[in-house]
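**Student:** Task: produce atomic coordinates for the following.
(one chain, ligands or ions: 1)
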Amino acid sequence: MTSPWMTPELDTFRDAVRRFVAHEVVPHQQRWREQRHVDRALWNKAGELGLLLADVPDDFGGSGGTFAHQAVVFEELALAGDTAFGLHVHAIVAHYLLHHGTEDQKYKYLPRLASGDMIAAIAMSEPGAGSDLKGIRTTAVRTDRGYRLNGSKTFISNGYLADLILVVAKTDPAAGAKGISLMLLETRDNPGFRVGRILEKMGQKGQDTCELFFDDAAVPLANVLGGVEGQGFAQLMAELPYERTIVGVAGVACIERALELTVTHAKERRAFGQALIDMQNTRFVLAECKTEATVARAFIDRCIEDLIAGRMDTVRASMAKYWITDLQCKIVDQCLQLFGGYGYMLEYPITQMYLDARVQRIYGGANEIMKEIIARSL
Ligand SMILES: Cc1cc2nc3c(=O)[nH]c(=O)nc-3n(C[C@H](O)[C@H](O)[C@H](O)COP(=O)(O)OP(=O)(O)OC[C@H]3O[C@@H](n4cnc5c(N)ncnc54)[C@H](O)[C@@H]3O)c2cc1C
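**Tutor:** Next up, the predicted model:
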């Protein structure tokens, strides 16, 4: 079933993205898992094709499409089993700039993010504060020569390769949420900035998730997002629908991939003189999964349409993030069971999907936080 937001132009775009992913991503996946990060060249190649900021206006170097274009890119990456290319956080940072940056900030950074000359990361989480962001300890102190950042962050996607990091910091520690600002930190030639370990994860091993350290790291006075201190918390809240819808988009594509792989396997694999697909348990499990996948697709398609139309809200984005990622983990687990022993072997894509899926319920705001947000709206 074709999504209602797809158009002939998006079909052509999807073909181009699929070819790019087949040539530039899939052949390198195992090597990226081993080196724990993608090649920098991938970013420049994706930039040349206009895939990095597909839904950012061309005035700022983007491809001038809508969220539909960006969703196509996320879907195609997920359908190819990619979790290494940190395009999600890159696109998120671009949207912070687009919606909250000063004109100077937009013209300075968005074209470089679109071309892949700069890779972006967003650094909120700290060793002592993740869900409860008001508890962060990183500070940005204003001096005559700019801000000085001190503190540390952890679990930061793209942390090893990032050239531009949107750092959540306290500019006024006594002011609670109103003392939080988002600082645009350039990492190149910044002696106060240091990348720690690339963290050892259970899945998504090709993604460079890192610790970061700031020891009087320099940020120019002009690099407070939006030019005014104290706006950080409101800016974070405003961008949540985009971030959480993206997680849901990838989640549904993963569900669809898991089902496709499993149906193929169940038709080929034989036991007790028949194909697995001919056994009633297999048929019922797959029928249930297919039904849930179809419901999830209808919901995410509606979310995508609403995001394109500027109607997406935080509560529904939280529903999409929590419900789809819970479902993703459940369906991938049920599919893996139908692979028997092969489902436990890393060379099988379903095994990789199982390991990669688990974090979807944790990052982007833990699913319990999503339920809190939904419950508050009741
Ligand atoms: C692979 C990976 C990539 C990541 N990428 C980034 C990134 O790029 N940038 C970034 O800033 N962060 C990133 N994170 C961090 C991620 O966003 C946090 O791990 C997540 O928000 C949870 O925070 P925490 O780990 O501190 O858990 P905690 O806040 O300690 O929470 C632990 C658990 O407690 C429960 N809990 C917490 N609060 C509540 C509540 N109010 N009600 C009910 N239950 C609650 C939940 O079950 C939660 O999972 C990444 C994490 C991972 C694992």
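**Student:** going forward, measure contacts between C-alpha atoms and count neighbours the same way
**Tutor:** Will do.
**Student:** What segments of the protein are strands?
**Tutor:** Counting by DSSP state E, one finds strands in the chain at the ranges 120-123, 139-143, 146-157, 164-170, 180-186, 193-198, 209-219, 270-271, 274-275.
**Student:** list the helices and strands the fourth one packs on?
**Tutor:** The reference is to strand 164-170. strand 120-123, strand 139-143, strand 180-186 (3 or more Cα pairs under 8 Å, 6 or more residues apart in numbering; DSSP states H and E).
**Student:** roughly how far is that strand from the heart of the chain?
**Tutor:** Relative to its chain's centre, strand 164-170 lies at 17 Å (Cα atoms, centre = their mean, to the nearest Å).
**Student:** Could you check the angle it makes with strand 180-186?
**Tutor:** In terms of direction (axes from the mean of the first three to the mean of the last three Cα atoms, to 10 degrees), strand 164-170 departs from strand 180-186 by 150 degrees.
**Student:** Just checking strand 164-170 against the ligand, any contact.
**Tutor:** No - if you take Cα under 6 Å from any ligand atom as the test, strand 164-170 misses the ligand, and the best it gets is 8.3 Å.
**Student:** now the angle from that strand to strand 139-143?
**Tutor:** Using the same axes, to 10 degrees: strand 164-170 against strand 139-143 is 90 degrees.
**Student:** picking up where we left off before, could the strands of the chain go into JSON lines alongside mean pLDDT?
**Tutor:** Formatted as JSON lines, the strands of the chain follow (pLDDT from 0 to 100):
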{"stretch": "strand 120-123", "mean pLDDT": "98"}
{"stretch": "strand 139-143", "mean pLDDT": "97"}
{"stretch": "strand 146-157", "mean pLDDT": "98"}
{"stretch": "strand 164-170", "mean pLDDT": "98"}
{"stretch": "strand 180-186", "mean pLDDT": "98"}
{"stretch": "strand 193-198", "mean pLDDT": "96"}
{"stretch": "strand 209-219", "mean pLDDT": "98"}
{"stretch": "strand 270-271", "mean pLDDT": "98"}
{"stretch": "strand 274-275", "mean pLDDT": "98"}
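**Student:** Residues of the protein that sit close to the ligand?
**Tutor:** 122-125, 129-132, 155-157, 209, 359, 362-366, 368-369.
**Student:** give me that answer again for 5 Å
**Tutor:** Residues of the chain found near the ligand (Cα under 5 Å from any ligand atom) are 123-125, 130-131, 155-157, 363-366, 368.
**Student:** Can you list the neighbours in contact with stretch 193-201?
**Tutor:** Stretch 193-201 has contacts (Cα atoms under 8 Å, 6 or more residues apart in numbering) with 36, 155, 159-160, 187, 208-217.
**Student:** try 6 Å this time
**Tutor:** D208, T209, C210, E211, L212, F213, F214, A217 (Cα atoms under 6 Å, 6 or more residues apart in numbering).
**Student:** Only the buried residues of it, if you could.
**Tutor:** F193, R194, V195, G196, I198, L199, K201 (16 or more other Cα atoms under 10 Å).
**Student:** Return the distance of that stretch from the chain's centre.
**Tutor:** The answer for stretch 193-201 is 18 Å, by Cα atoms, centre = their mean.
**Student:** mind starting the numbering at 276 from now?
**Tutor:** Fine by me, first position is 276 from now on; the one you just mentioned is stretch 468-476.
**Student:** With only the CA atoms kept, save it in CSV.
**Tutor:** C-alpha atoms of stretch 468-476 as CSV (Å, rounded to 0.1, in the frame of the first residue of the first chain):
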residue,chain,number,x,y,z
PHE,A,468,37.1,20.5,23.7
ARG,A,469,37.9,16.8,23.9
VAL,A,470,36.2,13.6,22.6
GLY,A,471,36.4,10.7,25.1
ARG,A,472,35.7,7.1,24.3
ILE,A,473,33.5,5.8,21.5
LEU,A,474,31.2,3.9,23.8
GLU,A,475,30.8,0.1,23.4
LYS,A,476,27.1,-0.5,22.7
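**Student:** Kindly tell me how buried the residue lying closest to L372 once chain neighbours are set aside is, as a neighbour count.
**Tutor:** The shortest distance from L372 to any non-neighbouring residue, by Cα to Cα, 6 or more residues apart in numbering, is to K381 (5.9 Å). Number of residues near K381 (other Cα atoms under 10 Å) recorded here: 23.
**Student:** With T626 instead?
**Tutor:** Count around T626 with other Cα under 10 Å applied: 21.
**Student:** With D553 instead?
**Tutor:** Neighbours around D553, by other Cα under 10 Å: 13.
**Student:** before we move on, what about the one 5 residues further on?
**Tutor:** R558: 15 surrounding residues under other Cα under 10 Å.
**Student:** where's it relative to Q549, distance?
**Tutor:** 13 Å (Cα to Cα, to the nearest Å).
**Student:** got the CA positions of stretch 511-525 in PDB?
**Tutor:** Extracted C-alpha coordinates of stretch 511-525, given in PDB (Å, rounded to 0.1, in the frame of the first residue of the first chain):
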ATOM      1  CA  LEU A 511      14.200  22.100  23.100                       C
ATOM      2  CA  MET A 512      10.400  21.700  23.800                       C
ATOM      3  CA  ALA A 513       9.500  23.200  20.400                       C
ATOM      4  CA  GLU A 514      11.700  20.700  18.400                       C
ATOM      5  CA  LEU A 515      10.400  17.600  20.200                       C
ATOM      6  CA  PRO A 516       7.700  16.800  17.600                       C
ATOM      7  CA  TYR A 517      10.200  16.600  14.800                       C
ATOM      8  CA  GLU A 518      12.700  14.500  16.700                       C
ATOM      9  CA  ARG A 519      10.100  12.000  18.000                       C
ATOM     10  CA  THR A 520       8.300  11.600  14.700                       C
ATOM     11  CA  ILE A 521      11.700  10.700  13.100                       C
ATOM     12  CA  VAL A 522      12.200   7.900  15.600                       C
ATOM     13  CA  GLY A 523       8.700   6.600  14.700                       C
ATOM     14  CA  VAL A 524       9.400   6.800  10.900                       C
ATOM     15  CA  ALA A 525      12.500   4.600  11.300                       C
END
